[in-house]
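Undergrad: Sequence first, predicted model second:
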Amino acid sequence: MSAFADRLRQAVARRFFVALRRATHRMPSRLRAPQRGRVLVVAPHLDDEVIPCGGTLLLHARAGSTVHVAFTSDSGGPNPDPEARQRLRAARVHEAEQARGILGYASTESYDLPDGALVRHEAALRARLAETIRSFSPDQILCPFPGDGHADHQATALAVAGAAYDARFAGEVWAYELWTPLWPNVCVDISAVAADKERAIACYRSQLADRDYAAAILGLNRYRGLRHQVAYAEAYYVCPPLEFRHLAAELDRLR
């Protein structure tokens, strides 16, 4: 591709990005309570099911929803030593089971793709996700926002966008925030379950040794709650699958 064509493509993507920002800021977020249904949570790592959206999952459990969590990576970390990676993975699997006991979701699966390298496995990830969507038949898919500041999260979001198209998913995509705050159009009041979310995050002791995820994310949840005058809220960008696919494609063009 010529340098001119490449610059033109990037300029178009930036214009779309700016237009999206303006549109979402013109459209204030609104509170929505989780309704009973079939919910697929796509989490890049073992702990991404609770840190960004654990309160929403707790409310879905109260509402009687059937929640299935698909972990896309093996969560073994960046260590080049395969034994060390396996030890970390085993610890995180155990921690995930403890967190699941609090979150109350029905089922789980792991694709075991290499942690930190999902960008090299997007085709395989897309195919696996399409299988899961077809077999589980969700009403909602919770996944990372495509602009989240982690390569594995971005790769997972792009794979979800493609898989939803492949599987002819007709429900809603709820894109959550973790490393990068997004521009929400929906917030969920999690005030009633914030303490349980904190307990579920605390199950991931291997991940809390060098950073306090609970304090950080609950601080963000408190900030999100200010606009809606609630104590804690989780924020999402909610859209139909075709819009999500378009959004993911345009953000992928930005370099």
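TA: Great, that's in hand.
Undergrad: Where do the strands of the stretch 51-200 of the chain begin and end?
TA: 66-73, 107-113, 140-144, 172-176, 186-189 (DSSP state E, counting those that start in this stretch).
Undergrad: Indicate which one of those is closest to Ala43.
TA: strand 66-73 (5.2 Å; CB to CB). Heads up, the C-betas are built off the backbone N, CA and C, glycines and all.
Undergrad: Convert the closest one to CSV, retaining C-alpha atoms only.
TA: C-alpha atoms of strand 66-73 as CSV (Å, rounded to 0.1, in the frame of the first residue of the first chain):
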residue,chain,number,x,y,z
THR,A,66,-27.6,-17.8,32.8
VAL,A,67,-24.1,-16.5,32.6
HIS,A,68,-21.2,-18.3,30.7
VAL,A,69,-17.7,-17.0,30.9
ALA,A,70,-15.1,-17.7,28.2
PHE,A,71,-11.5,-16.9,29.1
THR,A,72,-9.5,-16.4,25.9
SER,A,73,-5.9,-16.7,27.2
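Undergrad: what pairs with that strand, and is each one parallel or antiparallel?
TA: Here strand 66-73 is paired, per DSSP bridges, with strand 38-43 (parallel), strand 107-113 (parallel).
Undergrad: right, and the ones you listed - which one's nearest Asp189?
TA: Of all these, strand 38-43 sits nearest to Asp189, with 17.3 Å by CB to CB.
Undergrad: chain center to the closest one, what's the gap?
TA: Strand 38-43 sits 9 Å away from the centroid of its parent chain (CA atoms, centre = their mean, to the nearest Å).
Undergrad: before we move on, what about stretch 74-90?
TA: Distance of stretch 74-90 from its chain centroid, counting by CA atoms, centre = their mean, is 22 Å.
Undergrad: Not counting its own residues, what contacts it?
TA: Applying CB atoms under 8 Å, 6 or more residues apart in numbering, the contact partners of stretch 74-90 are His45, Leu46, Asp47, Arg92, Val93, Ser110, Asp112, Leu113, Pro114, Asp115, Gly116, Ser206.
Undergrad: sorry, back to before: out of the strands of the stretch 51-200 of the chain, deepest packed?
TA: Sort the strands of the stretch 51-200 of the chain by mean neighbour count, taking mean count of other CB atoms under 10 Å, and strand 140-144 sits at the top with a mean of 28.
Undergrad: now for that strand, which elements pack on it?
TA: Using 3 or more CB pairs under 8 Å, 6 or more residues apart in numbering; DSSP states H and E, the elements in contact with strand 140-144 are strand 38-43, helix 151-166, strand 172-176.
Undergrad: if we can go back for a sec, okay, the strands of the stretch 51-200 of the chain in JSON lines with mean pLDDT next?
TA: Formatted as JSON lines, the strands of the stretch 51-200 of the chain follow (pLDDT from 0 to 100):
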{"stretch": "strand 66-73", "mean pLDDT": "98"}
{"stretch": "strand 107-113", "mean pLDDT": "96"}
{"stretch": "strand 140-144", "mean pLDDT": "98"}
{"stretch": "strand 172-176", "mean pLDDT": "98"}
{"stretch": "strand 186-189", "mean pLDDT": "98"}
